[in-house]
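Novice: next input, structure requested:
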Amino acid sequence: MDTVEVSRQWQELEREFAVVRCGADAAEQPREALVALAERLRQQEGDDYTTKLTGFDAIGQRVTVALARRYRLTVFRRKGQRRGTVMLMGPETFIDQVYWPLLERIQAVVWRQIDGWLHEALDASVRDHDPKASKQLELGSS
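Specialist: Numbers count the residues shown, from 1 in each chain. Below you'll find the predicted structure:
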């Protein structure tokens, strides 16, 4: 998996969201601009909006938590909650208009990279054991 490419695409998406939400000056330091936006919205709206995130696999949950921490949103799990459940707390406008759309796009980047790596690994494995195999059976990809 090409971590450099994932990081580059993540930063590009972050820059795009920062410019749209914070203005052209945000292109230079997009993360900081989005953190400042979250803080401004926290001052205006408060920080008590809480939403429950469920149904994530381990990778999706890691991306979700990393992105939340990146923008200083609160992530926690209540006692007795399942491992696939995470609670997210922060300014409602930021979560709805920045965090969710950005999360969806970043997760798509991560999954494309994982899917590509898996195809390469499986193709190599098949070639190692059956040199005559021209191509792995394509069942579709996500």
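Novice: can you tell me the SS state at Thr50?
Specialist: Here Thr50 is strand, with the state taken from DSSP: H, G, I helix; E, B strand; the rest coil.
Novice: wait, it sits on Leu88?
Specialist: Yes - assessed by Cβ atoms under 8 Å, Thr50 is found in contact with Leu88 at 7.0 Å. To be clear about C-beta, it is placed using only N, CA and C from the backbone, and glycine gets the same treatment.
Novice: which one's the longest helix in this structure?
Specialist: As assigned by DSSP state H, the longest helix anywhere in the chain is helix 100-129.
Novice: packing partners for it?
Specialist: helix 3-22, helix 58-70 (3 or more Cβ pairs under 8 Å, 6 or more residues apart in numbering; DSSP states H and E).
Novice: going by neighbour count, list what's buried in the helix or strand bottoming out on mean pLDDT in the chain.
Specialist: None of the helices or strands of the chain scores lower by mean pLDDT, DSSP states H and E than helix 100-129, at a mean of 82. Neighbour counts over helix 100-129 (16 or more other Cβ atoms under 10 Å) mark 102-103, 105-107, 109-110, 113 as buried.
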